[in-house]
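> okay, structure incoming, though there's no sequence with it:
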């Protein structure tokens, strides 16, 4: 499935601005852009966003989350 930033926000229960913040912080990878410059995301991006939300609920900072995600990516 393909998602816009708004779709990701709805699916994760977040605001558009929060999802965009995570993109700017490079916690979610830069997306593809379609003709009208709309960003599109996939299931992996939604899964990553849900992981970030889970870590935030645990009280992790953005830097801690970045470190955790980097470690997880290195172990794949």
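Thanks, I have the structure now. Computed from a predicted model, the values in this text were never measured in an experiment.

> what's the helix or strand of the chain with the lowest mean pLDDT in contact with?
Using mean pLDDT, DSSP states H and E, strand 32-33 stands out as the lowest-scoring helix or strand of the chain, at a mean of 76. For strand 32-33, the surrounding residues in contact (CB atoms under 8 Å, 6 or more residues apart in numbering) are 39, 40. (Each C-beta comes from the backbone N, C-alpha and C, glycine too.)

> immediately after it, which helix or strand?
Going down the chain from strand 32-33, the next helix or strand is strand 39-40, by DSSP states H and E.

> ok now the next helix or strand after that next one, how far from the chain's centre?
Where DSSP H and E defines the elements, the next helix or strand beyond strand 39-40 is helix 43-57. Distance, stretch centre to chain centre, for helix 43-57: 6 Å (CA atoms, centre = their mean, to the nearest Å).

> tell me the mean pLDDT for helix 43-57?
Regarding helix 43-57, the rounded mean pLDDT is 96.

> residues contacting residue 20?
residue 5.

> and it, which of the three is it?
Put simply, residue 20 is helix when judged by DSSP: H, G, I helix; E, B strand; the rest coil.

> contacting residues for the residue lying closest to residue 68 once chain neighbours are set aside?
Nearest non-adjacent residue to residue 68, counting by CB to CB, 6 or more residues apart in numbering: residue 55, 6.4 Å away. Listed by CB under 8 Å, 6+ apart, the contact set of residue 55 reads 64, 65, 68.

> what's the closest of those to residue 31?
Closest approach between the contacts of residue 55 and residue 31, by CB to CB: residue 65, at 18.9 Å.

> how about the closest one, nearest residue that isn't a chain neighbour?
For residue 65, the closest residue by CB to CB, 6+ apart turns out to be residue 55, at 4.8 Å.

> report back the residue of the chain that's furthest from centre.
residue 35 (22.0 Å; CA atoms, centre = their mean).

> what distance do you get for that residue to residue 7?
Remark: distance between residue 35 and residue 7 (CB to CB, to the nearest Å) = 18 Å.
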